[in-house]
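[1] The following block contains a protein sequence and its predicted model.
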Amino acid sequence: MFSKILVPFDGSSSAEEAIRIAAELAKLTDAEMVLLTVYRHHSMLEASFSMVRPSEPGNMDEIMRKHAQEVAEHGKAVAREAGAPKVRAFIKSGPPARTIVAWARDKDVDLIVLGSRGLGSVEGYLLGSVSHKVTGLAKCPVLVV
């Protein structure tokens, strides 16, 4: 039925629940689970308005990438705890919904399982804006948890 299940993971409780459900599906179908944590690129203008102290400016993209890596590793631990037979985690920079859909297309994903509400802002109150966009753009089935 499914051989590769993509779970976009942002660290939210909704995304953790999506991992648990995807792990159950993966066990039933012996599918590989792929977790994808997407972080947004910060322009120099955005970086200039950041909360980074001037004495320790840092590179915002590097800070975001490192945080995304930590989130992805946490997601992998949740998946293993839920009994996922095969799980890998990746990080990628870009606009979340389009990056998720492109990843799914490029990696021949059979199913996307994602949380209904992530860590985003108030937009998309009833159904998160990312989950809403993914359901509209994806060519494979999408399960919103």
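    Looks like it came in fine. Numbers count the residues shown, from 1 in each chain.
[2] How many residues are close by the closest residue to G75 other than its chain neighbours?
    Closest residue in space to G75, ignoring its immediate chain neighbours: F9 at 3.9 Å, by C-beta to C-beta, 6 or more residues apart in numbering. C-beta coordinates here come from the backbone N, C-alpha and C atoms, glycine included. Neighbour count for F9, taken as other C-beta atoms under 10 Å: 29.
[3] same question, E70
    Here the number of neighbours of E70 (other C-beta under 10 Å) works out to 13.
[4] Show the pLDDT at it.
    Per-residue pLDDT puts E70 at 96.
[5] Could you confirm it falls within a helix?
    Yes: using DSSP: H, G, I helix; E, B strand; the rest coil, the assignment for E70 is a helix.
[6] so where's this protein shaky on pLDDT?
    Applying pLDDT under 70 to the chain flags the ranges 42-58, 117-128.
[7] could you redo the last one with a cut-off of 50?
    Within the chain, the stretches with pLDDT under 50 are 121-127.
[8] what ranges do the strands span in it?
    Assigned by DSSP state E, the strands in the chain fall at 4-8, 32-39, 86-93, 111-114, 142-144.
[9] give the contact list for S93.
    V38, Y39, R40, H41, D61, M64, R65, T99 (C-beta atoms under 8 Å, 6 or more residues apart in numbering).
[10] Next, count neighbours for the third one.
    To tie it back to what came earlier, the one meant is R40. R40, neighbours per other C-beta under 10 Å, totals 15.
[11] again with the first one
    A count of nearby residues for V38, using other C-beta under 10 Å, gives 23.
[12] distance of A79 from E32?
    11 Å (C-beta to C-beta, to the nearest Å).
[13] Now list whatever residues contact both of the two.
    With contacts taken as C-beta under 8 Å, 6+ apart, A79 and E32 have V87 as neighbours in common.
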